[in-house]
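*Asks:* here is a sequence with its predicted model. Questions after.
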2 protein chains.
Amino acid sequence: MLATTIHGPRDIRVEEVPDPTIKRPTDAIVKVTAGCVCGSDLWPYRGENPISAGATIGHECIGVVEEVGAEVRDFKPGDYVIVPFCHCDNTCAHCVAGVQSACDNLGMTSSGQGQYARVTQADGSLVSTGGTPDAALVPSLLALTDVMPTGWHAAVSAGVRRGGSVVVVGDGAVGLCGVLAASVMGAETIIAMSRHESRQQLATAFGATHVVAERGREGAKAVKDITGGIGADAVLECVGTDDSMGSAFAVARPGATVGFVGVPHGVELPVGRMFQKNVGLRGGMAPVRRYLPELLDLVVEGRIDPGKVFDFTLPMTEAPEAYRAMDERRAIKVILQP
Amino acid sequence: MLATTIHGPRDIRVEEVPDPTIKRPTDAIVKVTAGCVCGSDLWPYRGENPISAGATIGHECIGVVEEVGAEVRDFKPGDYVIVPFCHCDNTCAHCVAGVQSACDNLGMTSSGQGQYARVTQADGSLVSTGGTPDAALVPSLLALTDVMPTGWHAAVSAGVRRGGSVVVVGDGAVGLCGVLAASVMGAETIIAMSRHESRQQLATAFGATHVVAERGREGAKAVKDITGGIGADAVLECVGTDDSMGSAFAVARPGATVGFVGVPHGVELPVGRMFQKNVGLRGGMAPVRRYLPELLDLVVEGRIDPGKVFDFTLPMTEAPEAYRAMDERRAIKVILQP
C-alpha cells in the first residue's frame, strides 16, 4: 500500500510499504477513507522525539473494515468505523474504570496516514458510524479519533462544571476542541489563550467568551482581570511544554485542577506552588473509546462540529506539505485523503 | 509568657517571650490549654527549613479565649475553642470555595507551644467546642487543629470512595489520620505502609485492612498483590519526600489520584508517568476550617478518636524532649501541657 513514512526530522515521504495484515484473531484491517496529521506528529517531525527511520506515521483515521480476525464478533468487512488512536479491549479493569488508554491490551494506530491500518482489539476499539456518513460529517468523525476526545479529556480531567470559568492554554486543534468541550459542559466563562487570529475566531465559534493574546505574567494578569481577581476554576493544558504548563498553573485559582493532555516535553511541575495553592493536576493520554459514544451522538445530532479544526485538505501523496503547513502554523490541522 | 522557641537545628528552648497582643480588631488571644508538636515542626528542627533564631514555634493548640479585638462578634473571653493552624476570614472567594488555606487573609498560629496564642480573623477561624470539654476528649479536639483535617484533606483530595481501595504512604500522625479518614469514608481496602509496630497497630485500630512493611519496588508489588494486580483507587501521600511521592505514584492504579499533604521537600514529580498512566495529583495545605464542623461532630459523637495519635504527654517545659522523642520516632505525636 501507499503510506506516509518518516525518515528523519522534516523528512516525510509517501511510499510503498507492506500492507498491514491480521496478526492476531482480534485484529481488523481498516481501509482508510480519511486520515490526518496530529500536533503530536510534529514532535518527531521537529526531531524532538526519537524516530525509527522509514516507519509509517499517523494515528488518526476513519474508514471501512476490510478484513477481520477469527475472534472479531461485532464488525465485518464493509462496516464504516471510527478508529480511536489508542486501541483497547474495553473489558479489562482499566477499561471498565474508564481508563482505556491504560488498557492491558493497549495498541496504537500506526499507519493512519496510509491506505490501510491495522486495528488491534477490534471489538473493543472500533465504533460504528452506522453506515457511510455524509461527506459533510467526515471531518467531525475524523476529529473523534483523537483530537476531540483529547480536548474533552482535558475538560473532564480539569473538572469543568456548568457555570464555571475555564482557561484553555494552547490554540492547536486539541486546545480548540477543549474550548468546544467546555462550552458543551456549560462553562460560563471560557478564556482561550491564543495569538493567532484564525484560531481566535474558531475558538470564539466554539464557545470562547474571551480571548487572551498575552502570555506569561501579562497573560495571567489578563485572566485575573476577567475572573474578578480570583483565577480560573479549571484550566486545560493542551500543549505539553514547560512554558505552557507554567501558564496553566499561573491562571488556576486555589483549589482548581489543571487538566493536561499535551504530551509533556521538558516539563518540571511546580510542586511547591501546587501545594501552597492546592492546585491539582490530572490527565494524560485520552481514553478515546470511553468518550466516543457520547461524542458521536453529539456530532450526529449536530450539537458539535469539531471537524471545523480542519482548515486544509490534501491528497495523501502531499503529506510532506501537510506537515510543513502545520509546522509553520499555516494550517490548524490537515486532512489527508488516501 | 512562657513559650517554646527554636534557636537552631535541634536547639529547642522554653523561655519567657512577650505576650501576644491584639494587633488588629479581628484578632483574638487564646490561652492555650493543650498544644502539641507537628511532624512539620521537625523540618526546621532537623535543619531542613530556614530558622529565625529565637522565634516561637508550634501551630497546633486548643484553649480558652482570653481577649478579643473590637470587631470580633462571635467569640468572647471564656469561650473554649479549637484553633485551626491556618487562620482564615471564611468569607473571601477562596474560603467560600472551600480553600480556606488560600484565604485572602491567611494567618498561622505561631505560638501553639506557648501559654498564649494570637489568632487572626478570629470569627472566621475559631470553632467553639460548646463549653469546657471532658478531659478524655481533649486529645481528639487537639488533633482537629491540624493533623486530622490534614489526613482528611489527603483523602478528599485523592477522591476516596465507599468500597474503593486506598493506600496511605506515611505512618506519622497525619498518615494515621488518613487511614481513619479513609475508613470513615467507607473505603473497603485500606493499606497502611508502615514498618513500625506501634504505628501498624494504630493503623489497624483506625481501620487499615492491610499493613505493608516493604518499601520501594517490593512495597509496590505487595500493594499490587493485595489489589488484584491493579493498584489502588486512591493514594494518600502524607510525608513530602521524593521517595514517598515515588512510592505513592508506584502504587496508584491508572486513573487514580494521589492526594498529597506532606509539605514537599526535594520532590520531583514524575510527569511522564502521570501522563502515561493518567494518575493525578491534588492536595496541599489543608483547609482546616472547612472540615472542622463535620470532624467536630464525628469526635463528639464518638465516631472517630483521632486523639489516639498522641502517645506521649509532657509539660510544655519539657518541649525539647518532646522534639527528641518525635525525631527519634519514640513517639508518634506529643501533647505539650502549658
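*Replies:* Okay, I see it.

*Asks:* which residues of the stretch 201-338 of chain A lie near chain B?
*Replies:* A:228, A:230, A:253-255, A:257, A:260, A:263-264, A:267-269, A:271-272, A:274-285, A:287 (Cβ under 8 Å from any Cβ of the partner chain). All C-beta atoms are positioned from the backbone trio N, CA, C, and that covers glycine.

*Asks:* list buried residues within those.
*Replies:* Buried by 16 or more other Cβ atoms under 10 Å in any protein chain shown: A:230, A:253-255, A:257, A:260, A:263-264, A:267, A:269, A:271, A:274-285, A:287, out of these.

*Asks:* so how far is residue A:82 from residue A:296?
*Replies:* When distance is defined by Cβ to Cβ, to the nearest Å, residue A:296 is 7 Å away from residue A:82.

*Asks:* one step back: show me the buried ones among the residues of the stretch 201-338 of chain A next to chain B that map onto strands.
*Replies:* Among these, the members found in strands (DSSP state E) are A:253-255, A:257, A:260, A:280-283.

*Asks:* now these in JSON lines, with pLDDT?
*Replies:* Shown next, in JSON lines, are these (pLDDT from 0 to 100):
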{"residue": "A:253", "pLDDT": "98"}
{"residue": "A:254", "pLDDT": "98"}
{"residue": "A:255", "pLDDT": "98"}
{"residue": "A:257", "pLDDT": "98"}
{"residue": "A:260", "pLDDT": "98"}
{"residue": "A:280", "pLDDT": "98"}
{"residue": "A:281", "pLDDT": "98"}
{"residue": "A:282", "pLDDT": "98"}
{"residue": "A:283", "pLDDT": "98"}
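
*Asks:* what is the burial count for whichever residue of the stretch 51-200 of chain A sits closest to chain B?
*Replies:* Using Cβ to the nearest Cβ, the closest approach of the stretch 51-200 of chain A to chain B is made by residue A:102 at 3.4 Å. By other Cβ atoms under 10 Å in any protein chain shown, the residues close to residue A:102 number 24.

*Asks:* now for it: which residues touch it?
*Replies:* Going by Cβ atoms under 8 Å, 6 or more residues apart in numbering or on different chains, residue A:102 touches A:94, A:285, A:287, B:254-255, B:276-278.

*Asks:* what's the spacing between the closest residue to it other than its chain neighbours and residue B:180?
*Replies:* Nearest non-adjacent residue to residue A:102, counting by Cβ to Cβ, 6 or more residues apart in numbering or on different chains: residue B:254, 3.4 Å away. From residue B:254 across to residue B:180, the span is 27 Å (Cβ to Cβ).

*Asks:* do residue A:227 as well
*Replies:* For residue A:227, the distance to residue B:180 equals 37 Å [Cβ to Cβ].

*Asks:* swap in residue A:95?
*Replies:* Distance from residue A:95 to residue B:180, by Cβ to Cβ: 33 Å.

*Asks:* who's more crowded, the two?
*Replies:* residue B:180 (29 against 24).

*Asks:* in terms of helices and strands, where is the more buried one?
*Replies:* helix B:173-184 (DSSP states H and E).

*Asks:* now tell me what touches the helix or strand that that helix is followed by from outside.
*Replies:* Sequence-wise, the next helix or strand downstream of helix B:173-184 (DSSP H and E) is strand B:189-193. For strand B:189-193, the surrounding residues in contact (Cβ under 8 Å, 6+ apart) are B:164-171, B:175-176, B:179, B:182-183, B:199-200, B:203-204, B:207-213, B:215, B:219, B:223, B:226-227, B:232, B:247, B:251.

*Asks:* again with stretch A:8-17
*Replies:* Counting by Cβ under 8 Å, 6+ apart, A:1-7, A:44-47, A:51, A:53, A:56-57, A:111, A:114, A:316-320, A:323, A:327 sit against stretch A:8-17.

*Asks:* so of the residues you listed, which ones are in strands?
*Replies:* A:2-7, A:56.

*Asks:* picking that back up, switch the ones in strands among the buried ones among the residues of the stretch 201-338 of chain A next to chain B over to a markdown table; also include distance to residue B:139.
*Replies:* Below are these laid out as a markdown table (distance: Cβ to Cβ, whole Å):
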| residue | distance to residue B:139 |
| --- | --- |
| A:253 | 36 |
| A:254 | 31 |
| A:255 | 30 |
| A:257 | 35 |
| A:260 | 42 |
| A:280 | 32 |
| A:281 | 36 |
| A:282 | 36 |
| A:283 | 41 |
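
*Asks:* out of those, which two sit at the greatest distance?
*Replies:* Farthest pair in these (Cβ to Cβ) is A:254 and A:283. Separation: 19.3 Å.

*Asks:* now residue A:48: how far from chain B?
*Replies:* Distance from residue A:48 to chain B, counting by Cβ to the nearest Cβ, to the nearest Å: 14 Å.

*Asks:* pretty sure that residue contacts residue A:265?
*Replies:* Yes - Residue A:48 lies in contact with residue A:265 (Cβ atoms under 8 Å); the separation is 6.2 Å.

*Asks:* pick out whichever of those two has more residues nearby.
*Replies:* Neighbours were counted for residue A:48 and for residue A:265 using other Cβ under 10 Å; residue A:265 has more, 15 against 11.

*Asks:* for beta bridges, what are the partners of that one?
*Replies:* Note on residue A:265: beta-bridge partners residue A:241, judged by DSSP bridges.

*Asks:* show me the helices in chain A, by range?
*Replies:* Along chain A, the stretches classed as helices by DSSP state H are A:42-45, A:93-96, A:122-125, A:138-143, A:147-158, A:173-184, A:197-206, A:216-226, A:242-251, A:271-277, A:288-300, A:319-327.

*Asks:* what's near enough to touch residue A:324?
*Replies:* By Cβ under 8 Å, 6+ apart, residue A:324 lies in contact with residue A:330.

*Asks:* gap between it and residue A:37?
*Replies:* 10 Å.

*Asks:* swap in residue A:299?
*Replies:* Taking Cβ to Cβ, one finds residue A:299 at 20 Å from residue A:37.

*Asks:* which of these two has more residues huddled nearby?
*Replies:* residue A:37 (30 against 23).

*Asks:* does that one touch residue A:146 like I think?
*Replies:* No - between residue A:37 and residue A:146 there is no contact under Cβ under 8 Å: 10.8 Å.

*Asks:* count of neighbours near the nearest residue to residue A:180 once chain neighbours are set aside?
*Replies:* Of all residues not flanking residue A:180 in the chain, residue A:206 sits nearest, at 4.1 Å (Cβ to Cβ, 6+ apart). Counted by other Cβ under 10 Å, the residues lying close to residue A:206 total 26.

*Asks:* does residue A:206 touch residue A:308 like I think?
*Replies:* Yes - with contact defined as Cβ under 8 Å, residue A:206 reaches residue A:308; the gap is 7.5 Å.

*Asks:* report the separation between the residue lying closest to residue A:275 once chain neighbours are set aside and residue A:227.
*Replies:* Closest residue to residue A:275 apart from its sequence neighbours, by Cβ to Cβ, 6+ apart: residue B:284 at 4.2 Å. Distance, residue B:284 to residue A:227, using Cβ to Cβ: 20 Å.

*Asks:* looking at residue A:113 now. What's its pLDDT?
*Replies:* At residue A:113, the pLDDT value in this model is 98.

*Asks:* what do you get for residue A:215?
*Replies:* For residue A:215, pLDDT reads 89.

*Asks:* counting neighbours, what do you get for the residue lying closest to it once chain neighbours are set aside?
*Replies:* Closest residue in space to residue A:215, ignoring its immediate chain neighbours: residue A:247 at 6.5 Å, by Cβ to Cβ, 6+ apart. The number of residues packed near residue A:247 is 26, by other Cβ under 10 Å.
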